[in-house]
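Novice: Can you look at this prediction? I've put the sequence above it.
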Amino acid sequence: MSEKRMLRPGSMLGRNRVESLVGSRQNAEVYRARHPDFKQDIALKVLNPNIPQNDAIIARFRQEAQAIVNLKHPNIIRMHEFDLSGGLYYQVMEFIEGSSLRDLISAHPTGVAREDLLRIFNQIASAIAYSHEQQVMHGNIKPDNVLLDANLRPVLTDFRVPCLSQFMQAQAGDNPAYLAPEQATQGTLDIPVDIYQLGILLYEMATGEVPFDAGNRTATINQHLSQPPRPPSELNVNLDPRIERVILKALNKKPADRYASAREMLGDIERQEATSLYETVSLNRKAAEEVRKRRSEIVRFEQSRADLPAFDDDVSGLALPDAAREIPLAVIIAGIIVLVAIIITVILLML
């Protein structure tokens, strides 16, 4: 959107008073604003003013937007209102202080740490699974549309309103790196599209790169249509092969070959993680058993030593046999003299 269409601080849109511009994209601008019904700041997203506004589209917009407003999930941004005022479509939503998943990926260019990757992605996949169960598709899943609050809780934003989706895509507002093949060619917005985009998101979180990026829109879309993705393990050699299998299944060219649902994809990841945990526990159990075995051997050795008479440097307390105590000292000295004489004789004979 151009500078001429930007709302100014202090201007009103509906009941919302604009305070400052937060960010701008080709098809939308986001402002920090105040609403009389809320004590805290809200985010006001204003869509491209060139979007068609005939009665049929407006009626459909209100119906489809209400379905998004009705979504209640801890990892989906709280939508308060979708409306049309002054010739502008706009959205009112909670304002989240923090960063985005894009920032996190940029800070880890070779891939997000496994623990953070699984924790964040599983919450995003859970949010998408929930929205699908409410018959709401997203259609625009990418790191820029995942906010991270102060506790690094991922919050999914920017759900695509179906009746406006094709227009937004036609305006080249969608990054081609995140378009499913059928979305790029037919404008499709359905579950398989979201599954494909989840696959791209997980790929980028794991490697720091997207699987397809030819430098321009047309070439990138052609890669989505005909080129297999580079195995993510080539970019991140430490990537768990089980996670790689999940990614590659989600990125199948044919929708029927992907996961049937986000819930299935999430379940597969959780099973892979459970398997990994089981293997880790098994290895730890084997190590523990080996330690117990060695410890038992040490205990048996110590017990065997305990059965022997104790020795120390102080022999004064030793009870010698009576016969030993009765041997005269002179006899002992004579014996030592004889032994020394024998040794000297042997040495002389050897010379």
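Specialist: Received it, and whenever you're ready, just let me know what you need. Numbers count the residues shown, from 1 in each chain.

Novice: Identify the single longest strand in this structure, thanks.
Specialist: strand 16-25 (DSSP state E).

Novice: next one: that strand to chain centre, how far?
Specialist: In terms of CA atoms, centre = their mean, to the nearest Å, the gap separating the centre of strand 16-25 from the centre of its chain is 31 Å.

Novice: do stretch 114-123 as well
Specialist: On CA atoms, centre = their mean, the centre of stretch 114-123 falls 2 Å from that of its chain.

Novice: tell me which residues in that stretch are buried?
Specialist: 114, 117-118, 120-123 (16 or more other CB atoms under 10 Å). Heads up, the C-betas are built off the backbone N, CA and C, glycines and all.

Novice: pLDDT of stretch 72-91, averaged?
Specialist: Mean pLDDT, stretch 72-91: 92.

Novice: Residue ranges in the stretch 101-250 of the chain under the pLDDT threshold?
Specialist: By pLDDT under 70, the weakly predicted segments of the stretch 101-250 of the chain are 169-174.

Novice: An error on my part: the question was meant for the stretch 251-351 of the chain.
Specialist: Those would be 274-291, 295, 299, 301-302, 304-331, 334, 338, 345-351, if you go by pLDDT under 70 across the stretch 251-351 of the chain.

Novice: In the chain, mark out all the strands, start to finish.
Specialist: Under DSSP E, the chain gives strands at 12-13, 16-25, 28-34, 42-47, 79-85, 88-94, 99-100, 146-148, 154-156.

Novice: neighbouring strands for the fourth one, and are they parallel or not?
Specialist: Looking at strand 42-47 with DSSP bridges, its partner strands are strand 28-34 (antiparallel), strand 88-94 (antiparallel).

Novice: can you state the direction angle for it and strand 16-25?
Specialist: Counting by axes from the mean of the first three to the mean of the last three CA atoms, to 10 degrees, strand 42-47 lies at 60 degrees to strand 16-25.

Novice: What's the local residue count around M79?
Specialist: Neighbour count for M79, taken as other CB atoms under 10 Å: 22.

Novice: Correction: the previous question concerned L201.
Specialist: Quick note: L201 (other CB under 10 Å) scores 26 neighbours.

Novice: for the residue nearest to it when sequence neighbours are not counted, what are its contacts?
Specialist: Using CB to CB, 6 or more residues apart in numbering and skipping the chain neighbours, the partner closest in space to L201 is I141 (5.8 Å). Contacts for I141 were tallied using CB atoms under 8 Å, 6 or more residues apart in numbering; they are 124, 128, 156, 178, 194, 197-198, 200-201.

Novice: Same check on Q66?
Specialist: F82.
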